[in-house]
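Visitor: Starting from these lines, generate the structure:
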Amino acid sequence: MIKQTNIKIYFLSLLICLLSVSGCRKIIPEAETDILFLGHKGAGSNNFNDVNMENTLNAVKEGFANLDGVELDLQMSKDGTIWVNHNFNVHDFNCLEGLPEQNIPLLTDAEIEEITICHKGKTDRLYKLSEIISYWNLNPQYYLFMEVKVFYDPAFELIGGLDAYFRRMATAMINTLANVDKTDNLIIEINSKSFIDLIKANDKTKNIKCLLIRSGTLERKIQIAQQEGYDGLSLNYEDTDLTKETVRAAKNLGLFINLYTPYYKSEIVKAFEMEPHAIQTDNMDAKRYLNVR
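Guide: Numbering: from 1, shown residues only. Coordinates of the predicted model:
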């Protein structure tokens with residue numbers, strides 16, 4: 001009887017032990033990482049988000065809820081107001097089909113305010129950067145990356161050319177940020193020395209990191225960034241000359257390195273293993289995939 005009792009106690013203890021070990025294997029503590037994760041276009045491109053339109057306030061809120069911040073795309077209207085949209089035209093997602101192409105730099109604010117954007121059942125409107133900044137200023141712990149889009153299109157010749165456009169936009173950016181509490185977590189991506197010179201010359205915006213984003217080899221990008229006073233580089237994680245070693249070399253030169261835009265887990269892991277400062281992704285589960293915080 002005593003032997004049977006001892007055997008039962010032994011097997012019960014063994015079962016508890018196995019269950020305990022099994023349970024521990026499933027609960028893996030999140031690892032700390034200094035790498036920032038940003039929601040591309042807020043919370044992912046339209047093709048990757050079934051709920052919120054890209055580059056909208058609702059997308060920003062979703063991005064803040066899941067990652068360390070967001071990335072948005074900027075255009076400027078004929079009136080000198082900065083608007084949030086990827087393309088300089090609004091033809092792709094305009095709810096009204098069959099309209100002639102409408103280019104934001106040639107439209108007034110009143111005309112832009114009339115536009116409704118749609119994609120696969122999602123509907124929203126275009127937002128001014130000032131609206132996004134007002135919301136972000138209440139949540140400044142999140143990072144806000146702002147890409148000033150460059151399009152080499154004849155339409156810009158109608159407004160004095162790209163360089164004049166960028167100079168006006170830099171002034172508009174300075175005015176838009178005049179009332180923010182701090183600029184530590186604001187980062188601009190652009191390919192315009194004229195723009196960054198004005199940003200760096202202003203007391204309010206001089207500490208905003210400006211990242212060079214352009215085509216070319218990594219070596220050439222580093223050279224331009226150092227010559228023209230950029231704080232870092234925004235790079236496609238799929239570039240063939242990008243490795244953990246080349247990213248480290250760029251970081252050792254004092255450059256801030258941002259990678260874009262992995263989506264699938266294998267892609268996110270690849271970008272993460274290069275150890276950049278930041279990763280922009282369309283996937284709101286990126287940090288959960290890596291089990292990091």
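
Visitor: residue boundaries of the strands in the stretch 51-200 of the chain?
Guide: Ranges of strands in the stretch 51-200 of the chain, per DSSP state E, counting those that start in this stretch, are 69-76, 82-84, 116-119, 122-125, 127-128, 143-148, 186-190.

Visitor: by contact count, what packs against the last one?
Guide: With contacts defined as 3 or more Cβ pairs under 8 Å, 6 or more residues apart in numbering; DSSP states H and E, the secondary structure elements packing on strand 186-190 are strand 143-148, helix 193-201, strand 209-212, strand 256-260. Where C-beta positions appear, they are placed from N, C-alpha and C, glycine not excepted.

Visitor: For the longest one, name the packing helices and strands.
Guide: Based on contacts counted as 3+ Cβ pairs under 8 Å, 6+ apart, the elements that helix 193-201 packs against are helix 162-176, strand 186-190, strand 209-212.

Visitor: thinking again about what came up before, figure out which of the strands of the stretch 51-200 of the chain is closest to residue 156.
Guide: Distance to residue 156, taken as Cβ to Cβ, is lowest for strand 69-76 among those, at 10.7 Å.

Visitor: Can you tell me the strand partners of the closest one and which way each runs?
Guide: Partner strands for strand 69-76, per DSSP bridges, with pairing direction: strand 36-40 (parallel), strand 82-84 (antiparallel), strand 143-148 (parallel).

Visitor: Deepest-packed of those strands, please.
Guide: Among the strands paired with strand 69-76, strand 36-40 has the highest mean neighbour count (mean count of other Cβ atoms under 10 Å), at a mean of 26.

Visitor: gap between residue 51 and residue 205?
Guide: To residue 205, residue 51 is 33 Å away according to Cβ to Cβ, to the nearest Å.

Visitor: between those two, which one's more packed in?
Guide: Set side by side, residue 51 and residue 205 show more neighbours around residue 205, with 22 against 11, by other Cβ atoms under 10 Å.
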